[in-house]
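*Asks:* Provide a 3D model corresponding to the input given below.
(one chain, ligands or ions: 1)
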Amino acid sequence: MRHFLALFFLISFNNGFAQKTDSVFIRQIYDEALLRGESYQNLEALCKGVGHRLTASPGADQAVIWGKELLESYNFDKVYLQKIMVPHWERGTQESAWFTDKDGERKKINVLALGGSVATDGTLKAEVIEVKTFDELKELGRAKVEGKIVFFNRAMDPKNVNTFRSYGGCYDQRGYGALEAAKLGAVGVLVRSLSLKIDYFPHTGSLRYEEGTDKIPAAAISTRDAYFLKTAINKGKVIVDMQLNCKIHPDKESYNVIAEMTGSSKKDEIILIGGHLDSWDVGEGAHDDGAGIAHSIEAFRILKQLNYKPKRTLRCVLYMNEENGNMGGKTYAEKAKTAKEVHHAALESDRGGFTPRGFSLDGTPKQVEKLQSFSELLKPYDLHIFEAGYGGVDIGPLKNGSTALIGFIPDSQRYFDHHHAQSDVFEMINQRELELGAAACASLLYLIDKHGIN
Ligand SMILES: [Zn+2]
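*Replies:* As a prediction, the model looks like this:
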């Protein structure tokens, strides 16, 4: 009995001690991020020094050099480039579009070609029809769609507190609108920007074509202009003329940028943290996904600065080409599989640099439970979401039934105001929110390394 009691006290003492050292270490992580943080200045350098960085553009090439040099400056155990092949699409000269209403009045509309769109080959001029859903489009049928420009005007649902849910409810218009409209003979597509905010910024994003279906030009239109266009259509026949000068080039060589802190007792198990280095070709990709890049690098810097010696190998991956192909994520996962690497967990930050709320995990119920077991330690830092959910686009291809894929969740209310638009610039970043995000990611990285997620 005495032995049993002694054992009991020893176990509870150890648990209490572990909790205490964890809470002390996490406090040190937050102190480092908030008092001596470098995430904000790093993001400034990326946004202002490099600027936007669409895959295969000179900006993307420069971002690779920037990322490699910055990681090298922190003296991690390894820093290297991973070669990938990426698609090369260019917007060309700035697009333009106008509509003419039933009274012959002309009005300029703000548009941005969707990523991957074909050009209009001069001016594309046609009557425009408005639909909200693919069902509505199909009901109109070829007779009413052929030769027209289809305007997809479904707004994001403001009822959802999680704006990613509203985005998911409208994404099909941008991703597949051109494909569905082309099947019925449409000659072009305009898509209401995926944003809850009513303003003049069009929001781009990628579209998909399919072999065997005509590739028709497609552009996003600002939410304000969507209102003007709809109002004109309600009064009578409206003609749109637009010019898109996009170009599609052969695939090109590019790189994921990778840094490592080598593990000790479990060095063959990898814990990855990452975001994506590429952005769209407007704005500065500050929230999407400069913030995720700054979070990942800063989480690494903080752990090294605090002299943390990981058990598992920590890997920081600055992915290329998330926006229009995900070749960085796909190639990384293929190479990891070929090399028989074991990824214990992967954490992605790609939802902006806003106030941290928590994490979602794509994995087994046991892994979700383990994530939830960390919640007490992170509650003092206002983190409260610890649930089953999505990981991230870049880490998605690592899904294999055993690797825990984790998404960092910041507040989502303002993310889509700037997503893929000219307004996604460094000035939209709040320094403290960004630093808190880096600290949250560093803390989770530490907890997973120390206690495992399985
Ligand atoms: Zn992104």
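*Asks:* pLDDT of the top strand by length along the chain, averaged?
*Replies:* Across the chain, the strand with the greatest residue count (assigned by DSSP state E) is strand 247-261. What strand 247-261 shows for mean pLDDT is 98.
*Asks:* right, and the helix or strand after it?
*Replies:* Per DSSP states H and E, strand 247-261 leads on to strand 266-276 as the next helix or strand towards the C-terminus.
*Asks:* what is the mean pLDDT for that following strand?
*Replies:* For strand 266-276, the mean pLDDT works out to 98.
*Asks:* Which elements pack onto it?
*Replies:* Of the remaining helices and strands, those touching strand 266-276 by 3 or more Cβ pairs under 8 Å, 6 or more residues apart in numbering; DSSP states H and E are helix 291-305, strand 312-319, strand 342-348, helix 431-451. Every residue, glycine included, has its C-beta placed from N, CA and C.
*Asks:* related to what we said a few turns ago, which of the residues in the longest strand of the chain are buried?
*Replies:* Under the neighbour-count criterion of 16 or more other Cβ atoms under 10 Å, strand 247-261 has 254-261 buried.
*Asks:* contacting residues for the residue of the stretch 351-454 of the chain found nearest the ion?
*Replies:* Per Cβ to the ion, the residue of the stretch 351-454 of the chain with the smallest distance to the ion is Val393, at 7.0 Å. Val393 makes contact with 276, 322, 326, 329, 348, 350, according to Cβ atoms under 8 Å, 6 or more residues apart in numbering.
*Asks:* Can you list the buried residues in stretch 40-59?
*Replies:* For stretch 40-59, the neighbour count (16+ other Cβ under 10 Å) marks 40, 42-47, 50-57, 59 as buried.
*Asks:* oh sorry, the question was meant for stretch 351-364
*Replies:* Buried residues in stretch 351-364, defined by neighbour count with 16+ other Cβ under 10 Å: 351-363.
*Asks:* need the next SSE after the helix or strand in which Lys125 is found, C-terminal direction.
*Replies:* Under the criterion DSSP H and E, the helix or strand holding Lys125 is strand 124-131. Sequence-wise, the next helix or strand downstream of strand 124-131 (DSSP H and E) is helix 134-145.
*Asks:* Is any residue of stretch 50-70 near the ion?
*Replies:* No - residues of stretch 50-70 contacting the ion under Cβ under 5 Å from the ion: none, with a closest distance of 12.0 Å.
*Asks:* avg pLDDT for that stretch?
*Replies:* The predicted model gives stretch 50-70 an average pLDDT of 98.
*Asks:* What lies in contact with that stretch?
*Replies:* Contacts of stretch 50-70 from elsewhere in the structure, counted by Cβ under 8 Å, 6+ apart, are 42, 45-46, 49, 79, 81, 86-90, 115, 249, 252, 254-255, 257, 277-285, 293, 297, 318, 320-321, 323-325, 327.
*Asks:* one more time with 7 Å, if that's ok
*Replies:* Contacts of stretch 50-70 from elsewhere in the structure, counted by Cβ atoms under 7 Å, 6 or more residues apart in numbering, are 42, 45-46, 49, 79, 81, 86-88, 252, 254-255, 257, 277-285, 297, 318, 320-321, 323-325.
*Asks:* among those, which are within reach of the ion?
*Replies:* Taking Cβ under 5 Å from the ion as the test, the ion is in contact with none of these.
*Asks:* Buried ones among those residues?
*Replies:* Those of those that meet the buried threshold are 42, 45-46, 79, 81, 86-88, 254-255, 257, 277-285, 297, 318, 320-321, 323-325, by 16+ other Cβ under 10 Å.
*Asks:* Spell out which parts of the stretch 301-450 of the chain neighbour the ion.
*Replies:* Applying Cβ under 5 Å from the ion, one finds that the stretch 301-450 of the chain approaches the ion through Asp350.
*Asks:* in the stretch 301-450 of the chain, what residue is nearest the ion?
*Replies:* The shortest separation between the stretch 301-450 of the chain and the ion is 4.3 Å, found at Asp350 (distances taken as Cβ to the ion).
*Asks:* how near is the nearest residue to Leu303 once chain neighbours are set aside to Gln82?
*Replies:* Counting by Cβ to Cβ, 6 or more residues apart in numbering, Leu303 lies nearest to Ala442, which is 5.9 Å off, once chain neighbours are set aside. Plainly put, Ala442 is 23 Å away from Gln82 if you go by Cβ to Cβ, to the nearest Å.
*Asks:* ok, back up a step: could you dump the longest strand of the chain to CSV, C-alpha only?
*Replies:* These are the backbone C-alpha positions of strand 247-261, laid out as CSV (Å, rounded to 0.1, in the frame of the first residue of the first chain):
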residue,chain,number,x,y,z
LYS,A,247,-1.2,34.4,-71.2
ILE,A,248,-0.5,30.7,-70.4
HIS,A,249,3.2,29.7,-70.7
PRO,A,250,4.9,26.3,-70.3
ASP,A,251,5.5,25.0,-66.8
LYS,A,252,8.6,26.4,-65.0
GLU,A,253,11.0,25.4,-62.3
SER,A,254,10.5,26.8,-58.8
TYR,A,255,11.1,25.8,-55.2
ASN,A,256,9.8,25.0,-51.8
VAL,A,257,12.0,26.6,-49.2
ILE,A,258,12.8,24.3,-46.2
ALA,A,259,14.5,24.6,-42.8
GLU,A,260,15.0,22.0,-40.2
MET,A,261,15.8,21.6,-36.5
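*Asks:* could you give the angle of it to strand 312-319?
*Replies:* Angle of strand 247-261 versus strand 312-319, following axes from the mean of the first three to the mean of the last three Cα atoms, to 10 degrees, is 160 degrees.
*Asks:* Could you number the chain from 509 rather than 1 from now on?
*Replies:* Done: numbering now begins at 509, and the last item shifts to strand 755-769.
*Asks:* if we can go back for a sec, which stretch among the helices and strands packed on strand 774-784 comes nearest Tyr679?
*Replies:* Proximity to Tyr679 (Cβ to Cβ) singles out strand 850-856 among the helices and strands packed on strand 774-784, at 18.4 Å.
*Asks:* the inter-axis angle of the closest one versus strand 820-827?
*Replies:* With the same axes, to 10 degrees defining the directions, strand 850-856 sits at 50 degrees from strand 820-827.
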